[in-house]
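S.K.: Sequence first, then the predicted structure, then my questions.
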Amino acid sequence: METRSHNEDEILIPSKDGFVRIPVSGLRSPAKADSEKTGPSLGLLFMKIKNYLQFLLMIFGMLGIMSFLGFTIAGFTGVLIALATAGFGFFFTSNFSISWILRRKNAQLIQPGESPVLHGMVETLARKANIEKMPALFFDNTPEINAYTVEDKERAAIVMSKGLISNLTKEEIFGVLAHEIAHLKNNDIQIMLFSEQIRKLTGYMAFFGQVLLIVSLPLLFLNQVVVPWLTILLLIAAPTISFLFQIAVSRNREFRADMDAAILVGDSRGLSRALKKISMQTTFWKKLYPPYLKNVPEILRTHPDTKARIQRLKELETSRSNQLRWSF
């Protein structure tokens, strides 16, 4: 059986045959942050306000479509039923356990002793972000450069792929972890669950409305009722519009997490370089896609274009004097 002794530039992942050693490139861990912090610059404040207003517009847009469908089907009673159902659905999904996700992904827990550097990064970022639940670290044995966050009422977890750990430097990993911590800080997992519930409910209501319309076709043909063309178009288009709003919310939360990650770290360069590496990986696989999938329009993406994300991070560099400073 392999011993657990190792240096700081590798992590140990439990396996059937002992431990798998994963090297982490880079030389030093992030230093402790200076305690002084000044107020945000006008440019950064403007970006935050713009991001927040976009988010509110998209959420209320989804609620508006769903409410209008409810009104079309059953008047104001339909609106109340739709909103109540959305609230109940959100309450139900927010009480699920993340255990089944981790099992489905075959994610393995990384103990503090197996990677003190990674755990030190998470603890430092979580403390600075002032989040209540200290996220556990998990390992996903896939070659892609990827990380994602899951959360339930009791706990939170950040899952890091083997490709991410072995291909990124510590500074880049620190930026990615800050991005995931920012998702927790901003309650993005709950927000996306809420938007998913609205989208699903909108789809069910649109289907129900279409069934009612089909049932009333004989009356339409007998000219006993007026053909509600606007309602017909809404019933057809509502699920698609709601889906577009939902993925727009996702892009908005990714931009916000990038911004907050750069503020947490005090330097956007690590996250920018990590995004470039992820983009290079994506570009490679895109060569194998059929032509119609190689250039997906921005409006159909759950994540913003990498170039746009990096450009926004560069804009934050102009406000570096107003951010927490870290040394690497």
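M.R.: Thanks, I have the structure now.

S.K.: going forward, measure contacts between C-alpha atoms and count neighbours the same way
M.R.: OK.

S.K.: Would you map the helices across the stretch 101-250 of the chain?
M.R.: 116-129, 162-167, 170-185, 188-215, 217-221, 229-265 (DSSP state H, counting those that start in this stretch).

S.K.: quick one, which of the ones you listed is packed in tightest?
M.R.: Most buried of those, by mean neighbour count (mean count of other C-alpha atoms under 10 Å): helix 170-185, with a mean of 26.

S.K.: so where's this structure uncertain?
M.R.: 1-47, 92-95, 219-228, 282-300, 318-328 (pLDDT under 70).

S.K.: still on that earlier bit, in a markdown table, list the helices of the stretch 101-250 of the chain along with distance to G75.
M.R.: What follows is these, written out as a markdown table (distance: least, C-alpha to C-alpha, whole Å):
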| stretch | distance to G75 |
| --- | --- |
| helix 116-129 | 44 |
| helix 162-167 | 51 |
| helix 170-185 | 37 |
| helix 188-215 | 13 |
| helix 217-221 | 21 |
| helix 229-265 | 13 |
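
S.K.: Compare the ones you listed and give me the one nearest M66.
M.R.: Between M66 and the helices of the stretch 101-250 of the chain, the tightest spacing by C-alpha to C-alpha is seen for helix 188-215, at 5.2 Å.

S.K.: so K276 sits right up against T306, yeah?
M.R.: Yes - K276 is within contact range of T306, at 7.4 Å (criterion: C-alpha atoms under 8 Å).

S.K.: and A74, which of the helices of the stretch 101-250 of the chain is closest to it?
M.R.: Between A74 and those, the shortest separation by C-alpha to C-alpha is 9.9 Å, and it involves helix 188-215.

S.K.: The helix or strand where I59 lies vs helix 229-265, what angle?
M.R.: Element membership of I59, judged by DSSP states H and E, is helix 42-93. Using axes from the mean of the first three to the mean of the last three C-alpha atoms, to 10 degrees, the inter-axis angle of helix 42-93 relative to helix 229-265 is 120 degrees.

S.K.: Need the contact partners of stretch 118-136.
M.R.: Residues from elsewhere that reach stretch 118-136, judged by C-alpha atoms under 8 Å, 6 or more residues apart in numbering: 29-30, 109-110, 112, 137, 154-158, 174, 177-178, 181-182, 184-185, 264-265.

S.K.: With just CA atoms, put that stretch into CSV.
M.R.: In CSV, the C-alpha atoms belonging to stretch 118-136 read as follows (Å, rounded to 0.1, in the frame of the first residue of the first chain):
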residue,chain,number,x,y,z
LEU,A,118,-6.0,23.0,-2.3
HIS,A,119,-7.9,22.9,1.0
GLY,A,120,-6.0,26.0,2.1
MET,A,121,-7.0,27.8,-1.0
VAL,A,122,-10.7,26.9,-0.5
GLU,A,123,-10.7,27.9,3.2
THR,A,124,-9.0,31.2,2.5
LEU,A,125,-11.5,32.1,-0.3
ALA,A,126,-14.5,30.9,1.7
ARG,A,127,-13.4,33.0,4.7
LYS,A,128,-13.0,36.1,2.5
ALA,A,129,-16.3,35.5,0.8
ASN,A,130,-18.0,35.1,4.2
ILE,A,131,-20.0,32.1,3.1
GLU,A,132,-21.7,30.0,5.7
LYS,A,133,-21.0,26.5,4.3
MET,A,134,-17.4,25.5,3.9
PRO,A,135,-17.4,23.5,0.6
ALA,A,136,-15.8,20.1,0.5
